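**Student:** below are the sequence and a predicted model for it; my questions follow.
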Amino acid sequence: MKKLPAEVVASLLAITTVLIALPPYHLPPWAIFISWAATFAMGGPTPENLRKIWPTLPVGSLFAFLIVLCFRQASTQFTGASFIVAQMVILFCLNGSMMFLARVFPALSFIPGMFFGFASYFATLFGGFGPVPHDPVAALGAVIAMNALGPAYAWLKERYSAPEGAKKPWQGWQQEA
């Protein structure tokens, strides 16, 4: 099978995100791009890298979800400076717990993956993405699904693209200087 230029494959994959963002689900397409780019930032979609990133993305999203729920509960109990302190304690405890998992479970050792999932969740929830805008549970499902697609898109891009160092079609007719 003849492989296509990387730009063509990546662009064909990118246009599918337009459909993903359409109602009624209004899924966060940029969550795909975040985890897709993260996969290449860690060296590409090798089996080892995929085993590192896929488990950590939803862990980060889950902890962000817990932070949102705890902040909401704290907002019913505290106001003013005490609410700010409560948020700081919640964030410290949950963020530290999330990172501690990487120390205890080798499968979760790719901490940047957790933070990609973490940031993707907040952007999904506060950006109003998902089938129910601003719903914490709907945002969690939406972001986990879309973050999972990013490494798959990275793999597809590599699978169907010609090697990036390959001779370009226009190089045959260029004059040498």
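**Tutor:** Cool, the structure landed.

**Student:** C-alpha only now, for contacts and for neighbours.
**Tutor:** Will do.

**Student:** and residue 117, how many neighbours?
**Tutor:** By the measure other C-alpha atoms under 10 Å, the count of residues near residue 117 is 31.

**Student:** what of residue 96?
**Tutor:** Here the neighbour count serves as a burial measure; for residue 96 (other C-alpha under 10 Å) it reads 11.

**Student:** that one: which element?
**Tutor:** When secondary structure is defined by DSSP states H and E, residue 96 falls within helix 80-104.

**Student:** residues in contact with the helix or strand just after that helix?
**Tutor:** Tracing the chain C-terminally past helix 80-104 and defining elements by DSSP H and E, one meets helix 111-126 next. Identification of contacts with helix 111-126 by C-alpha atoms under 8 Å, 6 or more residues apart in numbering yields 28, 31, 34-35, 38, 52-54, 56-65, 98-99, 102, 130, 133-136, 139-140, 142-144, 147.

**Student:** that older thread, quick check: angle from the helix holding residue 96 to helix 111-126?
**Tutor:** Comparing the axes of helix 80-104 and helix 111-126 via axes from the mean of the first three to the mean of the last three C-alpha atoms, to 10 degrees yields an angle of 140 degrees.

**Student:** the closest residue to residue 144 other than its chain neighbours and residue 65, how far apart?
**Tutor:** Residue nearest to residue 144 in three dimensions, not counting chain neighbours: residue 58, with 5.5 Å by C-alpha to C-alpha, 6 or more residues apart in numbering. Distance check for residue 58 against residue 65: by C-alpha to C-alpha, to the nearest Å, it reads 10 Å.
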